[in-house]
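Peer 1: return a 3D structure for these sequence lines:
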Amino acid sequence: MPPIRLLRTLGLALALTGTSLPAAAQDGLAGAYLAARTADMSGDYRAVVEYGTRALARDPDNLGLMEGLIMAEMGLGEIAAAVPVARRLTGLEDHNQVAGLVLIADAMQREDWAVVEEMLDAGTTVGLFLDQMIRAWTAIGEGQVNRAIGLFDDLAKDDAVGDAALFQKALALAQVGDYEGAARILGGEDKVLQLNRAGVVAYAQVLSQLERNPDAVALLDSAFPDTTDEELLTLRDELAAGKPIPFSAVSGARGGLAQLFYEVGQSLLGDADPGLVLIYARIAQHLDPNHVGAALVAAQVFEEMGNDELAAEAYARVPETDRGYPQAQLGRATALRRMGEIDETLAVLEALAAKRPELAAVHASIGDTLRFEQRFEEATPHYDAAIALYIEDLPGQWSVYFARAITLERQGRWDEAEADFRHALELFPDQPSVLNYLGYSYVEQRRNLDEALGMIQRAVAARPYDGYIRDSLGWVYYRLGRYDEAVEEMVRAVELLPLDPVLNDHLGDTFWAVGRKREADFQWRRALSFVTDDTNLEELNPDRIRRKLEVGLDAVLEEEGGEPLRK
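Peer 2: So this is what the prediction gives:
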């Protein structure tokens with residue numbers, strides 16, 4: 001995906017304000033300035049701070065450099081470090097929106113509600129309805145509960161933001177101890193709200209404070225019937241055991257504002273510019289450094305941006321005492337694995353398994369890490385451990401059975417692998433990855449070809465633009481002697497994945513089978529040209545391709561004692 005610009009904020013299209021390289025170069029800024037701009041374009045927040053600071057030292061009144069530096073600090077979650085630059089920027093430009101965003105976040109963090117009100121009155125804006133939400137929580141901070149409720153009620157009349165306003169009102173009521181009022185709103189007595197995960201958890205806490213733990217358990221069961229989320233499972237177990245759960249969704253007006261920014265960011269995750277979502281999450285963390293939800297949103301944003309280093313750091317900020325710690329450590333391990341830090345990944349997961357041996361997802365993640373490294377024999381026992389913890393079959397478990405099946409198949413333990421593939425399909429009958437893998441395995445074994453064809457056709461219907469699945473369909477047609485259909489599917493597969501050597505090799509074979517021998521030679525040569533150090537030589541044998549180029553496919557099949565092409 002293209003790099004995320006660091007200088008976008010709250011939909012205001014803020015960017016560097018007209019700084020030109022020639023002017024910068026005249027002041028001896030070219031090196032630092034270009035480095036900062038390059039880092040900006042590649043999404044490297046730390047480099048923007050490093051080089052932007054150097055450039056700003058040489059050109060202290062450069063508004064664009066100040067904005068870029070502020071936004072990079074916010075991206076890193078270092079809002080306090082951005083405050084001095086924001087104050088300086090405000091001195092040069094009274095109503096600079098980037099500076100105003102940082103300064104109002106700082107005032108909210110310090111709980112200086114008078115300054116927050118003054119800034120809003122003076123025209124500082126976070127954006128649309130959020131300004132009014134901030135005023136309402138500021139009123140809570142000043143002890144003006146009735147005024148706050150009135151502001152929430154006014155916002156609730158707006159169809160566009162009414163649900164969000166009602167939810168914030170419920171949190172405010174619970175915060176001041178009016179759990180009955182909060183329960184009426186969250187329970188949908190006046191208007192049914194579509195609660196997200198955080199909303200459901202808050203409602204469950206409210207119900208527990210009202211000594212309605214059975215209702216809270218029923219709420220969780222209804223909202224998350226097949227969840228494997230360890231935090232939710234732990235909360236449910238505590239509620240079912242009759243434990244009173246404190247209301248911790250927000251704590252004070254500052255906590256309410258933190259939850260507000262988190263809710264907005266979380267609602268936009270996956271649908272808006274990741275840089276925008278990150279700003280909301282970082283403000284939430286600035287207001288509540290222990291806000292686990294905001295840390296997880298920030299980590300997910302970094303994953304979307306492809307910045308695994310910062311994703312791992314964001315996950316690491318979740319404290320061990322929090323219910324979300326296992327989820328965060330699993331996310332951290334995934335980010336570390338993508339960075340190639342395999343030993344550290346395994347260390348994180350093994351430490352988590354030692355602390356929480358009852359969590360199946362942890363054992364499965366260790367298996368995944370080893371499987372991705374093709375350490376199949378080592379991976380299998382960890383999948384065994386995960387599956388041994390399952391009390392009942394749930395659809396979400398298909399992936400673990402599928403993963404174990406792959407490790408068994410790669411060890412030559414086909415009967416056991418086939419049983420796991422079949423069980424994965426019992427749990428998720430139309431899962432395309434399982435259908436494709438099992439169907440393709442049957443094709444390679446020259447058995448169950450009709451069933452394999454049906455499986456792969458279902459997989460293609462689910463993922464028509466997956467080149468590998470298209471290749472599988474073409475290959476089963478080839479094995480069945482339906483060469484014209486094989487060519488059609490192989491052409492589509494190579495159009496989707498033109499640089500894959502295996503697919504090009506398969507297309508060459510199908511061309512040969514229909515008599516298009518010159519095109520077959522061309523595809524085999526393409527396949528050889530795409531072989532890299534990462535090519536799986538169990539799937540593709542370059543020497544075999546060279547032999548096909550020398551004597552043709554028919555002769556190679558005869559030499560191998562294989563089944564000849566059907567004429």
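Peer 1: mean pLDDT per helix and strand in the chain: which one sits at the bottom?
Peer 2: Counting by mean pLDDT, DSSP states H and E, the chain has its least confident helix or strand at helix 21-26, which shows a mean of 38.
Peer 1: name the nearest residue to the spatially most central residue of the chain, sequence neighbours excluded.
Peer 2: Nearest to the geometric centre of the chain sits Gln300, at 4.5 Å (CA atoms, centre = their mean). In space, Gln300 comes closest to Leu269 once its chain neighbours are excluded; the distance is 6.2 Å by CB to CB, 6 or more residues apart in numbering. The C-beta positions use only the backbone N, C-alpha and C, and glycine is treated the same way.
Peer 1: could you double-check that that neighbour lies in contact with Val297?
Peer 2: Yes. The criterion here is CB atoms under 8 Å, and Leu269 meets it with Val297 at 6.1 Å.
Peer 1: overlap of the contact sets of those two?
Peer 2: Taking CB atoms under 8 Å, 6 or more residues apart in numbering as the contact criterion, the common neighbours of Leu269 and Val297 are Val277.
Peer 1: more neighbours: the two, which one.
Peer 2: Neighbour tally, Leu269 and Val297, criterion other CB atoms under 10 Å: the higher count belongs to Val297, 26 against 17.
Peer 1: excluding chain neighbours, what is closest to that one?
Peer 2: Excluding the flanking residues, the one nearest Val297 by CB to CB, 6+ apart is Ala281, at 4.3 Å.
Peer 1: ok, and what's touching whatever helix or strand that neighbour lives in?
Peer 2: For Ala281, the enclosing helix or strand under DSSP states H and E is helix 274-287. Residues outside helix 274-287 that contact it (CB under 8 Å, 6+ apart): 4-6, 8-11, 74-75, 77, 79-80, 101, 105-106, 108-109, 254-255, 257-262, 264-265, 268-269, 291, 293-295, 297-298, 301-302, 304-305, 317.
Peer 1: and the residue nearest to Val297, how far from Gly293?
Peer 2: Separation of Ala281 from Gly293 (CB to CB, to the nearest Å): 9 Å.
Peer 1: overlap in contacts, the two.
Peer 2: Tyr262.
Peer 1: these two: who's more crowded?
Peer 2: Taking other CB under 10 Å, Ala281 and Gly293 do not tie; Ala281 has more neighbours (29 against 24).
Peer 1: can you check the pLDDT for the more buried one?
Peer 2: pLDDT, Ala281: 93.
Peer 1: before we move on, what about Ala35?
Peer 2: 53.
Peer 1: one more: Met41?
Peer 2: Here the pLDDT value assigned to Met41 is 54.
Peer 1: run a quick neighbour tally on Asn541.
Peer 2: Neighbours of Asn541 using other CB under 10 Å come to 11.
Peer 1: mean confidence for the helix or strand harbouring the residue nearest to the centre of the chain?
Peer 2: Assigned by DSSP H and E, Gln300 belongs to helix 292-305. Here helix 292-305 scores 90 as its mean pLDDT.
Peer 1: now it against helix 274-287, angle please.
Peer 2: Orientation check (axes from the mean of the first three to the mean of the last three CA atoms, to 10 degrees): helix 292-305 against helix 274-287 gives 150 degrees.
Peer 1: now the element after helix 292-305, going C-ward?
Peer 2: With DSSP H and E, the next secondary element past helix 292-305 is helix 308-316.
Peer 1: mean confidence for the helix or strand just after that next one?
Peer 2: Downstream of helix 308-316, the next assigned helix or strand under DSSP H and E is helix 325-338. Confidence for helix 325-338, expressed as mean pLDDT, is 94.
Peer 1: ok, residues contacting helix 325-338?
Peer 2: For helix 325-338, the surrounding residues in contact (CB under 8 Å, 6+ apart) are 229-231, 292, 295-296, 299-300, 302-303, 308-309, 311-312, 315-319, 322, 344-345, 348-349, 352, 356, 359, 361-362, 365, 369, 372.
Peer 1: could you dump the helix holding Ala281 to PDB, C-alpha only?
Peer 2: Only the C-alpha atoms of helix 274-287 are listed here, as PDB (Å, rounded to 0.1, in the frame of the first residue of the first chain):
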ATOM      1  CA  PRO A 274      -5.000   5.500   8.900                       C
ATOM      2  CA  GLY A 275      -3.100   8.700   9.800                       C
ATOM      3  CA  LEU A 276      -6.400  10.200  10.900                       C
ATOM      4  CA  VAL A 277      -7.300   7.200  13.000                       C
ATOM      5  CA  LEU A 278      -3.800   7.300  14.600                       C
ATOM      6  CA  ILE A 279      -4.300  10.900  15.700                       C
ATOM      7  CA  TYR A 280      -7.500  10.000  17.600                       C
ATOM      8  CA  ALA A 281      -5.800   7.000  19.200                       C
ATOM      9  CA  ARG A 282      -2.800   9.000  20.300                       C
ATOM     10  CA  ILE A 283      -4.900  11.700  21.800                       C
ATOM     11  CA  ALA A 284      -6.800   9.100  23.700                       C
ATOM     12  CA  GLN A 285      -3.500   7.600  25.000                       C
ATOM     13  CA  HIS A 286      -2.300  11.100  25.900                       C
ATOM     14  CA  LEU A 287      -5.400  11.600  28.100                       C
END
